[in-house]
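Participant: here is my input, please return the structure:
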Amino acid sequence: MALVSSIITDALTEIGVISQGEAPTAAETTIALLRLQNQIDAWAADRLTLAVQSRTSITWPASTSTQTIGPSGANITAQRPVWINTLNYVIPGSSPEVEVVIGPMDEDSYAAQSIKALSSQLPLNYFYQTSLSTILGTLFLWPQPDQELTLYLYAPQAVTVPAAITDVLLGPPGYQEAFMYQLALRLCQPFGAPMPQMLPQMAAESFARMKRPNTTPGLLGVDTALIPTTGGGYNILTDVASTGGNR
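Facilitator: A predicted model of the protein is given here:
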């Protein structure tokens with residue numbers, strides 16, 4: 001974890017705007033904080049900077065097809081997700097809880113649903129839409145459940161944008177260095193500071209190091225022709241009939 005004021009001081013020292021041990025002025029701090037806020041906000045749009053998956057419990061009212069989600073003023077109070085990994089509903093009355101995956105719909109699939117208010121006991125699909133006019137996103141369930149349900153939303157969680165220099169930025173190992181070097185890179189132009197020779201490389205390396213643990217390798221598939229079968233076969237080279245296994 002790192003204090004925002006420390007990140008700003010280190011970044012300004014890195015590009016020579018202030019000397020070692022010197023504190024930035026209020027004006028310098030204001031500019032640097034704005035650049036850091038923009039930096040953290042931009043990282044939220046990069047999937048590989050999101051190291052944590054949140055699990056949000058949602059109580060979905062009966063006969064409701066849409067609910068807003070966001071940090072304030074929403075039906076569901078939570079960090080507005082950029083992506084949703086999984087959305088599940090809990091089978092009513094199950095103990096322990098049994099979660100069932102709800103299938104995602106893209107824009108075309110949602111638009112193709114001719115009866116968007118279709119009602120059923122349980123939903124089959126969901127559609128998620130962000131907004132340009134508000135900080136809220138909107139979840140849509142189809143068909144709309146006619147009973148109250150418990151949902152669990154799994155989504156990658158971004159670093160919270162700091163509001164003040166007294167805030168603390170939290171992140172896994174590797175994030176603190178990336179916070180500082182990436183900010184230093186962004187501060188060269190507004191302060192008219194010459195860019196240190198090694199800064200672009202250090203910023204790129206720290207950013208790549210930060211994202212590396214968040215890369216999820218794909219699952220290795222196996223060609224079905226290589227999977228043992230239970231059927232029989234005949235080997236023309238050995239004149240041997242088989243009743244199962246590899247042919």
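Participant: give the contact list for the residue nearest the centre of the chain.
Facilitator: Nearest to the mean C-alpha position of the chain, by CA atoms, centre = their mean, lies residue 156 at 2.8 Å. Counting by CB atoms under 8 Å, 6 or more residues apart in numbering, residue 156 makes contact with 47, 50, 52, 53, 54, 81, 82, 83, 85. (C-beta placed from N, C-alpha, C; glycine too.)
Participant: and those residues, which is closest to residue 172?
Facilitator: residue 52 (8.1 Å; CB to CB).
Participant: re earlier: reformat the contacts of residue 156 as TSV; add neighbour count and pLDDT.
Facilitator: Formatted as TSV, those follow (neighbours: other CB atoms under 10 Å; pLDDT from 0 to 100):
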residue	neighbour count	pLDDT
47	14	87
50	21	88
52	13	84
53	11	88
54	15	90
81	23	89
82	17	88
83	10	90
85	13	93
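Participant: among those, which lie within helices?
Facilitator: If you go by DSSP state H, the contacts of residue 156 have nothing in helices.
Participant: pull the most distant pair out of those.
Facilitator: Farthest-apart pair in those is 47 and 54; separation 14.4 Å (CB to CB).
Participant: isn't residue 195 right up against residue 181?
Facilitator: No. Using CB atoms under 8 Å, residue 195 makes no contact with residue 181, being 11.8 Å away.
Participant: of these two, who's got more company?
Facilitator: Taking neighbours as other CB atoms under 10 Å, residue 195 and residue 181 compare with residue 181 leading, 24 against 15.
Participant: related to what we said a few turns ago, any idea how far the nearest residue to the residue nearest to the centre of the chain once chain neighbours are set aside lies from residue 83?
Facilitator: Spatial nearest neighbour of residue 156, excluding adjacent residues (CB to CB, 6 or more residues apart in numbering): residue 50 at 3.7 Å. As judged by CB to CB, to the nearest Å, residue 50 and residue 83 stand 8 Å apart.
Participant: cool, residue 157 as well?
Facilitator: 10 Å.
Participant: list the contacts of residue 183.
Facilitator: Applying CB under 8 Å, 6+ apart, the residues near residue 183 are 7, 8, 11, 32, 35, 36, 39.
Participant: 7 Å instead, please
Facilitator: When contacts are counted by CB atoms under 7 Å, 6 or more residues apart in numbering, residue 183 touches 7, 11, 32, 35, 36, 39.
Participant: what's the spacing between the one helix or strand it maps to and its chain's center?
Facilitator: Per DSSP states H and E: residue 183 is located in helix 175-191. On the basis of CA atoms, centre = their mean, to the nearest Å, helix 175-191 is displaced by 22 Å from the centre of the chain it belongs to.
Participant: would you map the helices across this structure?
Facilitator: Under DSSP H, the chain gives helices at 4-14, 26-43, 107-112, 175-191, 199-211.
Participant: lowest-pLDDT helix or strand in the chain?
Facilitator: strand 233-235 (a mean of 63; mean pLDDT, DSSP states H and E).
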